[in-house]
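J.: Fold the following and give me the result.
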Amino acid sequence: MNSNQPSIKHTCIDGQKILFPSQEDWETLRLNALIDDMPLAVLDLLWPGLEFTQKYPELHLGLGKLSMRKQWMPYIFVEIEANFQRVHLETLTCNFCK
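T.: Modelled structure (predicted):
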């Protein structure tokens, strides 16, 4: 997939270029996880993260380029008044205390 496709939204967050693929683009990326011939990183976390963010309209999954590794790293953002804030989400359930 080419990052310059019109369906991919580009924005700059905290000085980093972030891509926001459309729903159709994500479906294409599931079959071939490459953008500009660079792989998407941490696929085992990316797809569950995408499914989670799609449940909440204020959450978005974006991709930022890791040039030293030549990969696209997924980041979760919360949209607040048309601004994006990078966040890290954790579960509240302890896997050891069930």
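J.: burial of the closest residue in space to residue 41 that isn't next to it in sequence, as a residue count?
T.: Excluding the flanking residues, the one nearest residue 41 by Cβ to Cβ, 6 or more residues apart in numbering is residue 71, at 4.1 Å. All C-beta atoms are positioned from the backbone trio N, CA, C, and that covers glycine. Using other Cβ atoms under 10 Å, residue 71 has 17 neighbouring residues.
J.: Would you mind measuring from residue 71 to residue 65?
T.: 8 Å (Cβ to Cβ, to the nearest Å).
J.: Quick check: neighbours shared by those two?
T.: residue 38 (Cβ atoms under 8 Å, 6 or more residues apart in numbering).
J.: Determine the longest helix present in this structure.
T.: In the chain, assigned by DSSP state H, the helix with the most residues is helix 43-53.
J.: Can you list the helices and strands that that one packs against?
T.: Applying 3 or more Cβ pairs under 8 Å, 6 or more residues apart in numbering; DSSP states H and E, we find helix 43-53 packed against strand 59-66, strand 71-80.
J.: thinking again about what came up before, separation between the residue nearest to residue 41 and residue 61?
T.: Noted for residue 71: a distance of 15 Å to residue 61, by Cβ to Cβ.
J.: remind me which residues of this protein are low pLDDT?
T.: Applying pLDDT under 70 to the chain flags residues 91-95, 97-98.
J.: The same query, at a cut-off of 80, please.
T.: 90-98 (pLDDT under 80).
J.: roughly how far apart are residue 17 and residue 96?
T.: 39 Å.
J.: what's the spacing between stretch 63-72 and its chain's center?
T.: Chain-centre distance of stretch 63-72: 12 Å, with Cα atoms, centre = their mean, to the nearest Å.
J.: Pretty sure residue 22 sits against residue 7.
T.: Yes: under the criterion of Cβ atoms under 8 Å, residue 22 makes contact with residue 7 at 4.2 Å.
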